[in-house]
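Asks: Sequence and predicted structure below; questions after.
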Amino acid sequence: MELIEEVSSQGIWTWLEFDNNSNSLYVEFKNLKLADVAISNPFEYKDDLVIRFGNNLFLSIFYNDIENVDFLNFGRYNFEDIFYHNKKLSELDSPYFCTEFSKKLLNFKFQNYNLLKEIASNYKNKKILIQNIEEGQNYDFLLILECDNVAVAIGGDFLNTFNNSEELSDDDIKRLSNKWVLYYLDYWDKKGTKDAYVEDDLCEEVPFYKNK
């Protein structure tokens, strides 16, 4: 979990999926410092990561203005049910919900209950979207995401990670991170030469050394 936090400094939250039948919640991220191909082909490396939470799910969103939650694309009917009729995703007619968007991550932390308390005090409104266990109970896994004008808390008893539909172990994530570091070093080694790569914002975030 610490490594995933580290590689997410320029991350973008792009997907939310809830399947009530399988008691699963998926969140997808892009622009992470992960690479799953050889460094000889850096322009095609994939940096996406999907995290699945399972069993005893919890999802809440914190916001100041109702317009801040428009990115979830609930649709008029579901939006009114959830935000005005006090229903949860698991109580809607359809047991399945998914939506795609793009939200730059400002905070990405696991198991940080102090951050959760801080976020709860910083936002005017909170809406519980999924709650299968008592609020306030410590979840086996907790993820806090904060973007420009919203924050979410996700909890569950199980956590799995995926890349390109394949499940990733802890060792897999370390391997993908190491591959990205090799690319990063090669990027700066070739910076300013005829073999320089196209500018990469992730690499430019922390320069390795002065340009040649």
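Replies: That came through, no problem.

Asks: Next secondary structure element downstream of the helix or strand bottoming out on mean pLDDT in the chain?
Replies: Each helix and strand of the chain was given a mean pLDDT (mean pLDDT, DSSP states H and E); the minimum falls on helix 76-83 at a mean of 77. The helix or strand immediately downstream of helix 76-83 is strand 96-104, counting by DSSP states H and E.

Asks: Okay, buried residues for that next one please.
Replies: Buried residues in strand 96-104, counted by 16 or more other CB atoms under 10 Å: 97, 103. C-beta: built from backbone N, CA, C; applies to glycine.

Asks: Now it: average pLDDT?
Replies: Strand 96-104 shows a mean pLDDT of 92.

Asks: and the angle for that strand with helix 76-83?
Replies: Computed by axes from the mean of the first three to the mean of the last three CA atoms, to 10 degrees, the angle separating strand 96-104 from helix 76-83 equals 80 degrees.

Asks: Give the other helices and strands that strand 96-104 contacts.
Replies: For strand 96-104, the packing partners by 3 or more CB pairs under 8 Å, 6 or more residues apart in numbering; DSSP states H and E come out as strand 12-19.

Asks: just checking, what's the longest helix in this protein?
Replies: helix 170-190 (DSSP state H).

Asks: could you dump the following helix or strand past that helix to CSV, C-alpha only?
Replies: For helix 170-190, the following helix or strand on the C-terminal side (DSSP H and E) is helix 201-204. Taking C-alpha atoms only, helix 201-204 is exported to CSV below (Å, rounded to 0.1, in the frame of the first residue of the first chain):
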residue,chain,number,x,y,z
ASP,A,201,5.4,15.1,-17.1
LEU,A,202,5.9,12.2,-14.6
CYS,A,203,9.7,12.3,-15.2
GLU,A,204,9.8,16.1,-15.2
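
Asks: rewinding a little: and the contacts of the least confident helix or strand of the chain?
Replies: 66, 69, 74, 87-89, 92, 97, 127, 129 (CB atoms under 8 Å, 6 or more residues apart in numbering).
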